[in-house]
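Chemist: Okay, sequence plus prediction incoming.
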Amino acid sequence: MIEVGARVPDAEVFILDSGAPKAVRMTELCAGKRVALFGVPGAFTRTCSGQHLPGMVASADALGAKGVDLVACLAVNDVFVLAAWSREHDAGGKVTMIS
């Protein structure tokens, strides 16, 4: 587990940018931001779809009010699967999906 205030590893990850996968460094994505990063075993799984993502979507505004600049979900799925999952849970604009 990453401790509060710790720096994230400088790994290459992918986000969906204008409908296409875009490689970014975690350090770039998080630079100068307070980030609430959570990981899930997989999109569309029962627990992740029933609790993890909906809970973070519901909490996104409250986290923002407490100074969090970015709420991000890291999963092993590709960015297209994560985009579909995000749409299903109305997470757009609240939770950034990272593959």
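Modeler: Good, I have the coordinates.

Chemist: what's next to stretch 17-29, contact-wise?
Modeler: The contact list for stretch 17-29 (CB atoms under 8 Å, 6 or more residues apart in numbering) reads 7-16, 35, 70, 72, 78-80, 96, 98-99. All C-beta spots, glycine's among them, are computed from the backbone N, C-alpha and C.

Chemist: Which of the residues you listed fall within strands?
Modeler: Those of these mapping onto strands are 12-16, 35, 70, 72, 96, 98, per DSSP state E.

Chemist: Any of those buried? List them.
Modeler: Buried subset of the ones in strands among the contacts of stretch 17-29 (neighbour count, 16 or more other CB atoms under 10 Å): 13-16, 35, 70, 72, 96, 98.

Chemist: could the residues you listed go into JSON lines alongside pLDDT and distance to Gln51?
Modeler: Below are these laid out as JSON lines (pLDDT from 0 to 100; distance: CB to CB, whole Å):
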{"residue": "Val13", "pLDDT": "98", "distance to Gln51": "23"}
{"residue": "Phe14", "pLDDT": "98", "distance to Gln51": "25"}
{"residue": "Ile15", "pLDDT": "97", "distance to Gln51": "23"}
{"residue": "Leu16", "pLDDT": "94", "distance to Gln51": "23"}
{"residue": "Val35", "pLDDT": "93", "distance to Gln51": "21"}
{"residue": "Leu70", "pLDDT": "97", "distance to Gln51": "21"}
{"residue": "Ala72", "pLDDT": "97", "distance to Gln51": "17"}
{"residue": "Thr96", "pLDDT": "98", "distance to Gln51": "19"}
{"residue": "Ile98", "pLDDT": "98", "distance to Gln51": "19"}
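
Chemist: which of these lies closest to Gly50?
Modeler: Ala72 (19.9 Å; CB to CB).

Chemist: which one is the closest one nearest to, not counting chain neighbours?
Modeler: Thr96 (4.4 Å; CB to CB, 6 or more residues apart in numbering).
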